[in-house]
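Participant: Please work out how this folds:
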Amino acid sequence: MPVVAEKFGSRSSTESAENPSIELLYNIYGTNDDLLAKFHLAAASPLTYDGLFRQSYSISQVGDNLWEGVVPYGTEKPPETGDSSYSFDTGGGTQHITQSIETIQKKAPPGKTAPDFKGAIGVTTDSVEGVDVVTPVYNWTETHFIANDAVTQAYKAKLFNLTGRVNDGTFRGFAAGEVLFQGASGSKRGKDDHEITFRFAASPNVTSLTIGDITGIDKKGWEYLWVRYEDSDDATAKRMVKKPLAAYVEKVYEDGDFSELGIGT
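Facilitator: Numbering: from 1, shown residues only. This next block holds a predicted model:
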């Protein structure tokens, strides 16, 4: 059985009123197995020392059946099983649109009238080219520390099956259809739990949209809206123009029950 002993010259500290720290140094004897050496180092080193918290632990082999262990301590308390942390950004996404919210101005040379395209953008003789715009997308990640006995193969399969789905009910204050689960990544942390990071993006549901002369269009956040155009005679401008003929809202992501993620709703 491996033996762990603290080294002479251990407990070198950094005295700082704002960020005190200390390192405990160990020798681990009796094994060439790195995982076994690390396990016994974790078991032998205290979780706290002189009011400081164990931050991590590391080993390096220095001889046959001999390892050196380093265990740093600091003021920051490492997360425990059941804890979580969050990060977010509102950088938005990019979407190609062919319709404006409103045509602010249309101008033509003297004696001529600018055709009315009913908000269509970049109209040519044969097509409507549109433009790429930034759309509101709220991206965030959540890191949760989940007990090992909950991270089963069946749970991992649930994460896999929910990736690329949108919420079928309220989730984190967002309405059904607004949140896309982009997947999770994780690893085992020590012997007690897994550290798993979940990635989400939210896009707002919208109602009562108007496109050209088409009104009352409703679209959930991750549904896709596209417009079919037709040639139409603009009697005022005496020109053939492209105008919206029909608007289509397409479902492109399946719904999912986000309560199965096991992190609450």
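
Participant: Which of the three states applies to residue 36?
Facilitator: The three-state label given to residue 36 by DSSP: H, G, I helix; E, B strand; the rest coil is helix.

Participant: count of neighbours near the residue nearest to it when sequence neighbours are not counted?
Facilitator: Spatial nearest neighbour of residue 36, excluding adjacent residues (C-beta to C-beta, 6 or more residues apart in numbering): residue 2 at 6.1 Å. C-beta here means a position set from N, CA and C on the backbone, and glycine is covered the same way. Using other C-beta atoms under 10 Å, residue 2 has 17 neighbouring residues.

Participant: Tell me the pLDDT of residue 2.
Facilitator: Per-residue pLDDT puts residue 2 at 90.

Participant: so what's it up against?
Facilitator: Remark: with contacts taken as C-beta atoms under 8 Å, 6 or more residues apart in numbering, residue 2 is in contact with 28-31, 36-37, 40.

Participant: do residue 196 as well
Facilitator: Shown in contact with residue 196 (C-beta under 8 Å, 6+ apart): 143-146, 151, 184-186.

Participant: rerun that using 10 Å as the cut-off
Facilitator: Neighbouring residues of residue 196 by C-beta atoms under 10 Å, 6 or more residues apart in numbering: 84, 142-146, 151, 155-156, 159, 184-187, 189, 261-263.

Participant: Just the ones of those in helices?
Facilitator: Among the contacts of residue 196, the members found in helices (DSSP state H) are 155-156, 159.

Participant: which one among those gets closest to residue 107?
Facilitator: Ranked by distance to residue 107 (C-beta to C-beta), the ones in helices among the contacts of residue 196 are led by residue 159 at 54.7 Å.

Participant: which residues pair with the closest residue to that closest one other than its chain neighbours across the strands?
Facilitator: Of all residues not flanking residue 159 in the chain, residue 184 sits nearest, at 4.8 Å (C-beta to C-beta, 6+ apart). Beta bridges link residue 184 to residue 198 when assigned by DSSP bridges.

Participant: right, and residue 184 touches residue 164 too?
Facilitator: No. Taking contacts as C-beta atoms under 10 Å, residue 184 lies outside contact range of residue 164: 11.9 Å.

Participant: So between those two, which is more surrounded?
Facilitator: Neighbour count, other C-beta under 10 Å: between residue 184 and residue 164, residue 184 has more, with 22 against 14.

Participant: ok, now which ones touch that one?
Facilitator: Each residue near residue 184 by C-beta under 10 Å, 6+ apart is listed here: 141-144, 156, 158-160, 162-163, 196-200, 261, 263.

Participant: Give me the buried entries from those residues.
Facilitator: Buried residues within the contacts of residue 184, counting neighbours by 16 or more other C-beta atoms under 10 Å: 141-144, 158-159, 162, 196, 198, 200, 261.

Participant: Now do the residue lying farthest from the centre of the chain, the pLDDT please.
Facilitator: Residue farthest from the centre of the chain, counting by C-alpha atoms, centre = their mean, is residue 111 at 55.0 Å. According to the per-residue confidence, residue 111 scores 86 in pLDDT.

Participant: does it sit in a helix, a strand or a coil?
Facilitator: Under three-state DSSP, residue 111 falls in the coil class.

Participant: Give me the subset of the buried ones among the contacts of residue 184 lying in strands.
Facilitator: The strands, defined by DSSP state E, take in 141-144, 196, 198, 200 from the buried ones among the contacts of residue 184.

Participant: need the helices for the stretch 101-250 of the chain, in chain order.
Facilitator: Under the criterion DSSP state H, counting those that start in this stretch, helices of the stretch 101-250 of the chain are mapped to 153-162.
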